[in-house]
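Student: Model the following, please.
(one chain, ligands or ions: 2)
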Amino acid sequence: MELFKIFTLESAHFLPRVPEGHKCRRMHGHSFRVEVHVSAPVDEDAGWVMDFADLKRAFQPIHDQLDHRLLNEVDGLENPTSENLARWIWQRLKPELPALSAILIQETCTSGCVYRGD
Ligand SMILES: Nc1nc2c(c(=O)[nH]1)N=C([C@H](O)[C@H](O)COP(=O)(O)OP(=O)(O)OP(=O)(O)O)CN2
Ligand SMILES: [Zn+2]
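Tutor: Ligands and ions are numbered 1, 2, ... in the order given. Purely as a prediction, here's the structure:
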C-alpha cells in the first residue's frame, strides 16, 4: 500500500545556471507542493501503513529548513531546481523514513517532478 502526505513550502529561489535573460534567473517565489510517499504493507492490527502524524513529524525538520527561505542559501541547494529539491529532500528523509518511496515536487500548477530514488 502506498500512503502519501502533502506539504506546502512558501519559498523563494532563482536558477543560477539558466542562460542570461531566462526568467528563472530572477529571484521569484513559489508555493511548492511536496508529496511524500511511503510504501509498506498495511499493519492489520492498526489498519494502517503508518500514522499520518508520523509522516508529518518526519517532514517537520525539512519544512523548518526550507519554508520562508531563499532556497539558494540552503546548504546543498545552491541550484534549487525541482529535481535537485526532490533529491535533497529524499536524502534527508530516507534515513528517518525507510519506507519512503517517492517525493513529488510541484513548483507551479503545471510543472513538477517525481523522484523515486536512484
Ligand atoms: N526541469 C526544470 N525546468 C524548470 C525548472 C525546474 O526546476 N526544472 N524551474 C523553472 C522555474 O523555477 C519556473 O518558476 C517554473 O517554470 P515554468 O513551468 O516555466 O513556470 P510558468 O508558470 O511560467 O509556466 P507556464 O506554463 O509557461 O505558464 C523553469 N524550468
Ligand atoms: Zn521557480
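Student: where along the chain do the strands fall?
Tutor: With DSSP state E, the ranges of strands along the chain come out as 2-13, 28-39, 100-106, 112-115.
Student: Nearest to Leu55 among the ones you listed would be which one?
Tutor: strand 2-13 (4.4 Å; Cβ to Cβ). C-beta: built from backbone N, CA, C; applies to glycine.
Student: the inter-axis angle of that closest one versus strand 28-39?
Tutor: Counting by axes from the mean of the first three to the mean of the last three Cα atoms, to 10 degrees, strand 2-13 lies at 160 degrees to strand 28-39.
Student: Can you spell out which helices and strands pack onto strand 2-13?
Tutor: Helices and strands touching strand 2-13, by 3 or more Cβ pairs under 8 Å, 6 or more residues apart in numbering; DSSP states H and E, are strand 28-39, helix 52-66, strand 100-106.
Student: rerun at 6 Å
Tutor: Applying 3 or more Cβ pairs under 6 Å, 6 or more residues apart in numbering; DSSP states H and E, one finds that strand 2-13 makes contact with strand 28-39, helix 52-66.
Student: most tightly surrounded among those?
Tutor: Highest mean neighbour count of these: strand 28-39, a mean of 17 (counted as mean count of other Cβ atoms under 10 Å).
Student: So what touches that strand?
Tutor: 2-12, 55, 59, 99-102, 104-107 (Cβ atoms under 6 Å, 6 or more residues apart in numbering).
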